[in-house]
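J.: Here's a sequence, model it:
(chains A and B)
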Amino acid sequence: MVLIVNTTADTSVTDELKKSLEESAVDAEIIEAYGLKISHCIGCNHCWLKTPGECAIKDDYEIILKKIIHADQLWVISDTALGFIDHKGKNIYDRILPIATMYLRFYEGQMRHVPRYDSQPDLGLIYLGDAETEYLKRWNVRAALNFERSSLGVFERTEIKEAVSCMC
Amino acid sequence: MHVLIINGSPRVKKYSNTDKILEKFTEGMCENGNTFEQYEVSDRNSWNDMRKAFNENKNILIALPLYVECIPGLLLEFLETVTPKNDGSKMAFILQSGFAEGVQLRCGEAYLEILAGKLGCEYKGCLVKGNNFSIRFLEEKDRDKTTLPYKEMGREFAANGGFDSDKCRKFTGPEIFPAYIRALVGFLFKTAGKKGFAKMAAGIGCTKPLDYRPYE
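T.: Numbers count the residues shown, from 1 in each chain, chains lettered A, B, ... in the order given. A predicted model of the protein is given here:
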């Protein structure tokens, strides 16, 4: 399943995605997260050490978390700020920690947290506005590696078709 | 020199590893009469004051933990609300993480240079070091072992106005552990490490195995 989380107010992007994905019969779920209540990660480590797998913050992120563990791909649609994705976009990644455990191991030459579930999603990013594209690409590869998965790429608003071609 | 220090950790001050690091760092930094004011991003009530201080100060130091390969969402949210300076201000960073090898922090470090530019400040380098995860769990004496080396870095910062010196670069430690250390660390994480984590967990009231799956 392809999980798409739109953290922007612009639903024209997801409308376009919905249409393309229906045409190509891709199993996809879209979450409009702009209006949802999603806090930043407060770094309490409870999801690793106190209530393993469960976030201490009880808000709408749980909806996303429950779907991420069944997704083959996670795509985040984010606005940009300061050359990067904005805080609403970044919070989606920061809050993902419950899908990893406290345990550590080396994976592809990097120390990583051992995954909590059997499968984890590859990561793709679609951004709206200006950003340091080369940096975002580097970051997305690292973020995916963090979850022992691969980057599906980083795409601008104008490259939706290219992004869709990576969704399967 | 008067320095504005922003603790960019989203964790409340009491449990903030970054704050414990700053305690030692500022001791070293202030030895020669330097002064500082410090704000915590985790305290939203201070954001107006912090913004004002950001506008008024020309030496800015942001200390932060690495969050998913870059800066924490909460720090980003605050910085989205400030006006870029473009007045000759200088900005340096202390980037810390749990992962021990230097290579883990480089992607985050690369963003901080971009960030300083976006905020209209001259980039004065980044002090990079990992292996700080357990600071909050340690008793004072053991904690000092991890945090005390930052005092010397505070002196370096005071002397150079930034982190662009060999001493600061070496502070990171190994970029990648040698193969035999990695093998040893890998083994320890499967054995003693797991027990250590279980002990930390029990200490804060955990009643489930650490690989528990609540959502299956």
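J.: alpha carbons only for contacts and neighbour counts from here, please
T.: OK.
J.: just checking, what packs against whichever strand or helix holds B:Leu76?
T.: Counting by DSSP states H and E, the element that carries B:Leu76 is helix B:73-79. With contacts defined as 3 or more C-alpha pairs under 8 Å, 6 or more residues apart in numbering or on different chains; DSSP states H and E, the secondary structure elements packing on helix B:73-79 are helix A:87-94.
J.: what comes into contact with the helix holding B:Leu76?
T.: Around helix B:73-79, the neighbours that count as contacts under C-alpha atoms under 8 Å, 6 or more residues apart in numbering or on different chains are A:40-41, A:86-88, A:90-91, A:94, B:8-10, B:41-42, B:47, B:67.
J.: immediately after it, which helix or strand?
T.: Remark: after helix B:73-79, the chain's next helix or strand is strand B:90-96, criterion DSSP H and E.
J.: need the next SSE after that following strand, C-terminal direction.
T.: Going down the chain from strand B:90-96, the next helix or strand is helix B:106-118, by DSSP H and E.
J.: what about dumping the CA coordinates of that next one to CSV?
T.: As requested, the backbone C-alpha atoms of helix B:106-118 are provided in CSV (Å, rounded to 0.1, in the frame of the first residue of the first chain):
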residue,chain,number,x,y,z
ARG,B,106,27.1,15.0,8.8
CYS,B,107,23.8,15.3,7.0
GLY,B,108,22.4,17.4,9.9
GLU,B,109,25.6,19.5,10.0
ALA,B,110,25.3,20.2,6.3
TYR,B,111,21.8,21.7,6.8
LEU,B,112,23.0,24.0,9.6
GLU,B,113,25.4,25.8,7.2
ILE,B,114,22.4,26.3,4.8
LEU,B,115,20.3,27.5,7.8
ALA,B,116,22.8,30.1,8.9
GLY,B,117,22.7,31.6,5.4
LYS,B,118,18.9,31.5,5.2
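J.: Backbone torsions only: list them for the nearest residue to A:Met167 once chain neighbours are set aside.
T.: Counting by C-alpha to C-alpha, 6 or more residues apart in numbering or on different chains, A:Met167 lies nearest to A:Val2, which is 6.8 Å off, once chain neighbours are set aside. Reported as degrees, to the nearest 10, the phi and psi values for A:Val2 are phi -100, psi 120.
J.: thought A:Val2 was touching A:Ile68?
T.: No - between A:Val2 and A:Ile68 no contact is recorded; they are 9.2 Å apart, counting by C-alpha atoms under 8 Å.
J.: quick one: contacts of the helix or strand where B:Asp144 lies?
T.: With secondary structure defined by DSSP H and E, B:Asp144 is part of helix B:140-147. The contact list for helix B:140-147 (C-alpha under 8 Å, 6+ apart) reads B:20-21, B:24, B:132, B:135-136.
J.: now the residues you listed: which count as buried?
T.: Burial by neighbour count, 16 or more other C-alpha atoms under 10 Å in any protein chain shown: within the contacts of helix B:140-147 this picks out B:20-21, B:24, B:132, B:135.
J.: can you put those residues in JSON lines and add distance to A:Lys161, secondary structure and pLDDT?
T.: Converted to JSON lines, the buried ones among the contacts of helix B:140-147 look like this (distance: C-alpha to C-alpha, whole Å; DSSP: H, G, I helix; E, B strand; the rest coil; pLDDT from 0 to 100):
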{"residue": "B:Lys20", "distance to A:Lys161": "48", "secondary structure": "helix", "pLDDT": "96"}
{"residue": "B:Ile21", "distance to A:Lys161": "47", "secondary structure": "helix", "pLDDT": "97"}
{"residue": "B:Lys24", "distance to A:Lys161": "52", "secondary structure": "helix", "pLDDT": "97"}
{"residue": "B:Asn132", "distance to A:Lys161": "43", "secondary structure": "coil", "pLDDT": "91"}
{"residue": "B:Ile135", "distance to A:Lys161": "47", "secondary structure": "helix", "pLDDT": "88"}
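J.: quick one: furthest residue from the center of chain A?
T.: The C-alpha centroid of chain A is most remote from A:Lys50, which lies 24.2 Å away (C-alpha atoms, centre = their mean).
J.: ok, A:Tyr61 to chain B distance?
T.: 13 Å (C-alpha to the nearest C-alpha, to the nearest Å).
J.: Hmm, that residue is touching A:Ile38, no?
T.: Yes - between A:Tyr61 and A:Ile38 there is a contact under C-alpha under 8 Å: 5.5 Å.
J.: After whichever strand or helix holds A:Met102, heading C-terminal, what element do we hit next?
T.: Using DSSP H and E, A:Met102 maps to strand A:100-107. Past strand A:100-107, heading to the C-terminal end, the next element that is a helix or strand (DSSP H and E) is strand A:110-115.
J.: So for stretch A:4-13, first residue to last residue, what's the gap.
T.: Distance between the boundary residues of stretch A:4-13 (C-alpha to C-alpha, to the nearest Å) amounts to 11 Å.
J.: for stretch A:146-156, that is, sorry about that
T.: End-to-end distance of stretch A:146-156 (C-alpha to C-alpha): 23 Å.
J.: Also stretch A:54-66?
T.: Distance between the boundary residues of stretch A:54-66 (C-alpha to C-alpha) amounts to 10 Å.
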